[in-house]
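K.L.:
Below: sequence and its predicted model.
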Amino acid sequence: MASALLASSLACGLATATATAAQIIFQGSPTESTTAIVSRTEPNLITINGRKIVRIYGAEGMFTVTPEPETGSAWLKPISDKPLMTVFITDEDGQHYKILLKVQDIPAETIIVKGATRQTSLGTNKKAEPHNDDILNMVNSLYGGAGDEKHQKIPLWKGTKFELIRTIELRDMRGETYRLTNTTDKPIIMDEREFYRDGVEAVVITNPDLEAGQSTEIFVVNEAAQ
């Protein structure tokens with residue numbers, strides 16, 4: 001009996017430890033930027049709390065995805081040497097999530113995403129789903145290098161070089177690709193919220209942490225000018 005109780009106690013302890021180790025992140029809008037950490041060498045489990053994952057988007061060649069149709073979860077494994085990557089997830093209710101993944105040399109991680117309540121999302125996301133899909137398609141197009149080439153330098157912050165390098169027009173929105181270079185001798189850390197302004201619907205920074213001399217691309221999706 002004592003052995004059985006000990007085994008049961010150990011099993012409960014392991015289950016609790018696993019649940020505690022999971023990263024639980026909250027996101028209510030696809031324009032928000034939420035951060036999570038994933039393993040570089042092992043598959044990482046991604047779950048949407050109470051819903052099934054339908055699709056996971058991202059830049060081509062950055063990661064592989066293995067879905068679990070029975071549970072609605074998915075396993076994601078980085079295949080690039082990039083330290084950061086952005087993924088877009090769609091659940092069965094049409095709600096979208098944008099997650100910035102920090103890739104590190106650690107064991108496999110479990111990520112649990114919590115979004116808006118089901119009642120709220122069912123009432124709002126079905127209407128927003130086509131437009132959200134357009135936003136995701138635009139971001140994927142920008143990731144893929146689509147658009148007309150531009151070479152327009154834009155003043156931004158002291159110690160940076162900021163240049164508009166490509167634009168693309170799709171339906172009722174405009175996509176812009178910028179290149180930002182750190183021209184100082186110190187690291188800089190950016191936040192996607194710094195690039196939001198009236199009419200901006202999504203911002204993705206491919207590498208928000210820049211060492212001296214490093215560059216990154218920034219994708220901005222705007223409402224089309226009326």
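P.N.:
Sure, I can see it.

K.L.:
Could you list the domains of the chain?
P.N.:
23-128, 148-223 (automatic domain parsing).

K.L.:
Where among these is average confidence lowest?
P.N.:
When the domains of the chain are compared by mean pLDDT, domain 23-128 comes last with a mean of 82.

K.L.:
Would you pull up how far that domain lies from the middle of the chain?
P.N.:
Put simply, domain 23-128 sits 7 Å off its chain's centre (C-alpha atoms, centre = their mean, to the nearest Å).

K.L.:
who are the neighbours in contact with Gly147?
P.N.:
Taking C-beta atoms under 8 Å, 6 or more residues apart in numbering, we find Gly147 in contact with 141, 166-168, 175, 177. No exception for glycine: its C-beta is placed from N, CA and C like everyone else's.

K.L.:
go with 7 Å
P.N.:
Gly147 sits next to 166-168, 175, 177 when contact means C-beta atoms under 7 Å, 6 or more residues apart in numbering.

K.L.:
Ok, Lys77 next?
P.N.:
By C-beta under 7 Å, 6+ apart, the neighbours of Lys77 are 43-44, 63-64.

K.L.:
Can you say which of those are buried?
P.N.:
Buried subset of these (neighbour count, 16 or more other C-beta atoms under 10 Å): 43-44, 63.

K.L.:
ok so, going back, may I see the contacts of Lys77 arranged in TSV, with secondary structure as well?
P.N.:
As requested, these are exported to TSV (DSSP: H, G, I helix; E, B strand; the rest coil):
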residue	secondary structure
Pro43	coil
Asn44	strand
Phe63	strand
Thr64	strand
